[in-house]
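Peer 1: based on what follows, work out the 3D shape:
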Amino acid sequence: MLELRHLRTLLTLREAGSLVEASERLHLTQSALSHQLKDLEQRLGTSLFVRKTKPIRFTTAGLRLLRLGDNVLPQVRQAERDLQRLSGGQAGRLHMAIECHSCFQWLMPTIDQFRNAWPEVEVDFASGFFFAPLPALARGELDLVVTSDPQDIPGLSYVPLFTYEAMLAIGNQHRLTERNHIEPQDLAGETLICYPVERNRLDIFTQFLEPAGVEPADVRNAELTIMMMQLVASGRGVCCLPSWAITEYLQRGYVSARPLGRDGLFGTLYAAVREDMLDMSYLQDFLLTAKDISFATLEGVTAKTVG
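Peer 2: Residues are numbered from 1 along each chain as shown. All right, here's what the predicted structure looks like:
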């Protein structure tokens with residue numbers, strides 16, 4: 001009556017908070033997911049969650065299955081890893097680079113969990129801000145690159161991790177707090193605080209300001225997110241960051257944030273890998289772990305890709 005896929009579906013539904021987002025993460029249509037859940041409820045003879053609630057509110061029966069999933073699925077995952085090691089492919093190398101200053105929030109827990117599961121795999125990583133990591137990946141000098149800027153390089157494949165919204169962080173007393181969203185011309189008189197990378201790798205320029213022909217009054221660099229937030233909070237400028245990177249500072253009331261454009265500015269984060277490594281068991285497990293941790297810990301990320 002009860003299968004592992006049912007438990008995975010319920011856990012995904014809990015994390016996503018809605019049928020729409022859960023269907024995207026599970027790569028199902030919303031109608032297919034609804035049918036799967038209704039079929040399970042008919043088998044069990046009881047409802048598992050309350051319809052038309054957001055976030056999803058589970059019944060007593062649903063909560064019991066969630067507890068079961070929390071206990072059983074990690075054991076199944078570990079057993080699958082053990083079987084993969086027994087069948088070979090347990091040792092190897094995973095050298096990676098990141099093109100995302102704010103990615104450490106989910107990347108470090110991912111690496112810690114991966115190292116515990118795959119101790120035989122040599123893991124190392126470096127910042128990808130001071131060299132071209134994608135060509136290095138193609139040459140075999142790296143094994144994985146976290147990037148939001150895919151390039152058409154033969155032999156590379158881009159696996160979507162999640163999609164995020166970029167927001168403009170502004171001081172609590174800033175004049176732009178009166179706006180529901182930010183238009184490009186609003187930044188013409190502002191100091192824009194950015195990470196120290198080329199403009200052509202920053203969405204705030206390539207997708208927002210430059211198409212509108214707008215140039216900020218000044219550009220200032222800061223290497224750390226916390227430094228950027230301190231500058232924003234003190235009225236020294238504004239900055240564009242993924243929504244998950246700003247959440248902590250919004251909750252503490254340090255800064256405010258507004259969407260960029262009426263429809264928002266969205267980007268997708270990818271794991272770039274060489275095509276010949278896609279079938280490696282430990283690489284597949286790393287990608288799955290990264291997605292699981294991201295969806296469980298980051299605010300506002302979705303499975304839908306853009307671009």
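
Peer 1: tell me which helix or strand of the protein sits lowest on mean pLDDT?
Peer 2: Least confident element among the helices and strands of the chain, by mean pLDDT, DSSP states H and E: strand 121-127 (a mean of 82).

Peer 1: determine the set of other helices and strands touching it.
Peer 2: Counting contacts by 3 or more Cβ pairs under 8 Å, 6 or more residues apart in numbering; DSSP states H and E, strand 121-127 packs against strand 92-98, helix 104-117. Any C-beta I mention is one placed from the backbone N, CA and C, and that applies to glycine too.

Peer 1: domain parsing for this protein?
Peer 2: According to the TED database, the chain is divided into the following domains: 4-84, 89-149+277-298, 163-266.

Peer 1: in CSV: the ones you listed, plus mean neighbour count.
Peer 2: Listed next are the domains of the chain as CSV, based on neighbours: other Cβ atoms under 10 Å:
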stretch, mean neighbour count
domain 4-84, 15
domain 89-149+277-298, 18
domain 163-266, 17
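
Peer 1: of the ones you listed, which approaches residue 157 most closely?
Peer 2: Go through the domains of the chain one by one with Cβ to Cβ and the one that ends up closest to residue 157 is domain 89-149+277-298, at 6.0 Å.

Peer 1: chain center to that closest one: distance?
Peer 2: What separates the centre of domain 89-149+277-298 from the centre of its chain is 13 Å, taken as Cα atoms, centre = their mean, to the nearest Å.

Peer 1: ditto for stretch 9-25
Peer 2: For stretch 9-25, the separation from the chain centroid amounts to 15 Å (computed by Cα atoms, centre = their mean).

Peer 1: now the angle from the longest strand seen in the chain to helix 104-117?
Peer 2: For the chain, the strand with the greatest residue count under DSSP state E is strand 156-170. With axes from the mean of the first three to the mean of the last three Cα atoms, to 10 degrees as the basis, strand 156-170 and helix 104-117 are set at 140 degrees to each other.

Peer 1: flag the shaky bits of the chain, pLDDT-wise.
Peer 2: When the per-residue scores of the chain are filtered using pLDDT under 70, the ranges that remain are 82, 84-91, 127-130, 306-307.

Peer 1: partner residues bridging the residue sitting nearest the centre point of it?
Peer 2: What sits nearest the mean C-alpha location of the chain, by Cα atoms, centre = their mean, is residue 162, with 4.1 Å. For residue 162, the beta-bridge partners are residue 269 (DSSP bridges).

Peer 1: ok, for residue 189, nearest residue in space, not its chain neighbours?
Peer 2: Among residues not flanking residue 189 along the chain, residue 217 sits closest, at 5.1 Å (Cβ to Cβ, 6 or more residues apart in numbering).
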